[in-house]
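sequence below, structure please.
(one chain, ligands or ions: 1)
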Amino acid sequence: MTSQSTSDTIITARGLTKQFTVKRTRVDAVTDLDLDVARGELVAFLGPNGAGKSTSLRMLTTLLPPTRGTAVVAGHDIAGDPAAVRRRIGYIGQGTSGGNNQRVRDELLSQGAFYGMSRRDTARRADELLESLDLAPLAKRTVMGLSGGQKRRLDIALGLIHSPSLLFLDEPSTGLDPQSRANLWQHILDLREQHGTTIFVTTHYLEEADQFAERVLVMDHGRVIVDDTAVSLKTTLAGDVITLGFDGGPDARGAADAIARAREVAARQLEGNAGEVTSAAAGAVGGRPGGASYRAPRSGEAMGGQPGGATNPASRTGDAGATATQRLELVVDHGDRVLPVLLRELDASGITVTSAALRRPTLDDVFLALTGRSLRDEGETTASAASTGAPADPTTATAPTTATASAPERVSA
Ligand SMILES: Nc1ncnc2c1ncn2[C@@H]1O[C@H](COP(=O)(O)OP(=O)(O)OP(=O)(O)O)[C@@H](O)[C@H]1O
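Numbers count the residues shown, from 1 in each chain. As a prediction, this is how the structure comes out:
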């Protein structure tokens, strides 16, 4: 491809595809990746294990030839002039610096020599990076003796030695404790602020993407399924989650009754507020042990096949049996406005609410809304990665488990 990228675009990919063949079976690792990244952007690339993130990164960084498709990265075609691309980018794979006997500063000097930099320039740049990444006191230590967080900071210094304008980071913070993660991110953000470096980062930590990236790409089964800001994704694709608690008294039946009545009140209430609360006509989506879910339909979204989009919640009573059900969960738009109205209504109906919580949606809720699966569901995702029979490759190996609490089970509309 001739360079189509404008001076404001640092990555342009069109139809980038990678297929592997494992035991005569085709593995579609990445399919038709189209991507435009502007200079200076911080893009987070999310997706479960085996989604195709590392393969995408490895194609964009010229480490892996695409099966088809094209990309211009840092002004050069990845197939036509891979050496020119490599000179202009930094790539920090999963666990780049291993344990070796080289001292930290010498490791940086070797890296500079690898890029053909003069000794003087390399030494100056190495000292600059040691300073800015808080590695100066460790300059004479051997790489082998560094902690996980220190090694990752060294990885970043190694990736930046030749002052690339574009830095690819593959799960930079995986395996680090929360403090080292926060520290690492602070360094990444500082570097970006000082040098305007474009950063393209894959991460399993949804909170990191949420907090730091201005743009989030989510990949699933080799395809990008969304590309937007975190705020916009959460606003348009996931709703606020209201959880109400009920005390059913000494017997389980009391709680079940309270839940059943609360469901009716909530459905009525949300329906009644459809004008005020954007597209929040309620629809029941079935129940689950320990709680019930209502899914507020988006504008134009049909629910339950009934005029007006509302189904009768009472018609699906999966959780309204005589179990000790004490929570009701509702997914709605504008939860902050819905919650007080709902509480007043329940109170007026003589239903005692013992606790109420409003949770803003997370990126995991977005993934759940899009795919019906949780991004944190390690069991499912690890199995899907393993099922392809990919050979053990340190740069594509399944990442260590990073999930925290699993997302609430929810039946989507
Ligand atoms: N060298 C390879 N040979 C065969 N299959 C491969 C190879 N590398 C990756 N794959 C397969 O391609 C798919 C995408 O893998 P990839 O490593 O890109 O996913 P990922 O999203 O980066 O996952 P993770 O989060 O675990 O790093 C997976 O099914 C994987 O098993």
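
these two touch, right, I156 and S132?
No. Counting by CB atoms under 8 Å, I156 sits too far from S132 to count as a contact (9.8 Å). C-beta here means a position set from N, CA and C on the backbone, and glycine is covered the same way.

all helices for the stretch 151-300 of the chain, in order.
Taking DSSP state H, counting those that start in this stretch, the helices of the stretch 151-300 of the chain run over residues 178-195, 206-212, 230-237, 252-272.

same list, those helices, but as JSON lines with mean neighbour count and distance to V143 please.
Shown next, in JSON lines, are the helices of the stretch 151-300 of the chain (neighbours: other CB atoms under 10 Å; distance: least, CB to CB, whole Å):
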{"stretch": "helix 178-195", "mean neighbour count": "15", "distance to V143": "17"}
{"stretch": "helix 206-212", "mean neighbour count": "19", "distance to V143": "25"}
{"stretch": "helix 230-237", "mean neighbour count": "17", "distance to V143": "35"}
{"stretch": "helix 252-272", "mean neighbour count": "20", "distance to V143": "58"}
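
what's the distance between G350 and the ligand?
From G350 over to the ligand the distance is 51 Å, taken as CB to the nearest ligand atom, to the nearest Å.

circling back to that earlier point, okay, I156 and S132: which has more neighbours?
I156 (24 against 18; other CB atoms under 10 Å).

for the more buried one, give me its contacts.
Going by CB atoms under 8 Å, 6 or more residues apart in numbering, I156 touches I92, L133, L167, L169, P172, L184, H187, I188, L191.

quick one, phi/psi of the residue nearest to the last one when sequence neighbours are not counted?
Nearest residue to L191, sequence neighbours excluded (CB to CB, 6 or more residues apart in numbering): T197, at 5.8 Å. Here is the backbone geometry of T197 (degrees, to the nearest 10): phi -60, psi 140.

next one: D127
Torsion angles, degrees, to the nearest 10, at D127: phi -70, psi -40.

how is the protein divided into domains?
Domain assignment for the chain by automatic domain parsing gives 9-235, 239-359.

which stretch in these has the least confidence?
Here these differ in mean pLDDT, and the lowest is domain 239-359 at a mean of 56.

and stretch 352-370, how far from the chain's centre?
17 Å (CA atoms, centre = their mean, to the nearest Å).

and the contacts of it?
46, 206-207, 209-210, 216, 218, 220, 225-226, 230, 233-234, 237-247, 258, 262, 335-336, 339, 343, 346-347, 373-376, 407, 410, 412.

among those residues, name the buried ones.
Among the contacts of stretch 352-370, the ones that count as buried by 16 or more other CB atoms under 10 Å are 46, 206, 209-210, 216, 218, 220, 226, 230, 233-234, 237-242, 244-246, 258, 262, 335, 339, 343, 346, 374-376, 407, 410.

these in strands, which ones?
Within the buried ones among the contacts of stretch 352-370, residues falling in strands by DSSP state E are L46, V216, V218, D220, V226, D240, V241, I242, L244, G245, F246.

can you list those in CSV and add distance to the ligand?
Below are these laid out as CSV (distance: CB to the nearest ligand atom, whole Å):
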residue, distance to the ligand
L46, 9
V216, 15
V218, 11
D220, 9
V226, 15
D240, 29
V241, 26
I242, 32
L244, 36
G245, 36
F246, 40
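
which residues does V226 bridge with?
For V226, the beta-bridge partners are V218 (DSSP bridges).

do the same with A44
Per DSSP bridges, residues listed as beta-bridge partners of A44: V201, V216.

mind listing what it touches?
Neighbour list for A44: V201, T202, T203, E208, A209, F212, A213, R215, V216, L217 [criterion: CB under 8 Å, 6+ apart].

next, count neighbours for T197.
When counting by other CB under 10 Å, one arrives at 19 neighbours for T197.

pull out the buried residues from stretch 17-35.
Neighbour-count burial for stretch 17-35 [16+ other CB under 10 Å]: T17, K18, F20, V27, D28, A29, V30, T31, L33, L35.

quote the end-to-end distance of it.
End-to-end distance for stretch 17-35: 12 Å, by CA to CA, to the nearest Å.

that stretch close to the ligand?
Yes. Using CB under 6 Å from any ligand atom, stretch 17-35 comes into contact with the ligand via F20, V22, V27, A29.

do the same with stretch 161-175
No. Stretch 161-175 stays clear of the ligand (CB under 6 Å from any ligand atom), getting no nearer than 6.7 Å.

so what's the spatially closest residue to Y115 that is not a sequence neighbour up against?
Distances taken as CB to CB, 6+ apart put H162 closest to Y115, at 4.3 Å, once the chain neighbours are dropped. Residues near H162 by CB under 8 Å, 6+ apart: R87, G90, G112, Y115, M117, R125.

so which of the residues you listed sit within helices?
When DSSP state H is applied, the contacts of H162 are split such that R87, G112, R125 fall in helices.

okay, and the residue nearest to the second one when sequence neighbours are not counted sits in which element?
Nearest-residue entry for G112: T122, 2.9 Å, with adjacent residues in sequence omitted and distances by CB to CB, 6+ apart. Using DSSP states H and E, the secondary-structure element containing T122 is helix 119-132.

give the buried residues for that helix.
For helix 119-132, by 16+ other CB under 10 Å, it's T122, R125, A126, L129, L130, S132.

the ligand: which of those residues is nearest?
Of all the buried residues of helix 119-132, the ligand sits closest to L129, with 26.3 Å by CB to the nearest ligand atom.

the closest one against I161, yeah?
Yes. The criterion here is CB under 8 Å, and L129 meets it with I161 at 6.8 Å.

related to what we said a few turns ago, and of the contacts of A44, the nearest to the ligand?
Closest approach to the ligand among these (CB to the nearest ligand atom): T202, at 6.5 Å.

burial count for the closest one?
By other CB under 10 Å, 25 other residues sit near T202.

same question, S165
16.

same question for A74.
Residues lying near A74 (other CB under 10 Å) number 20.
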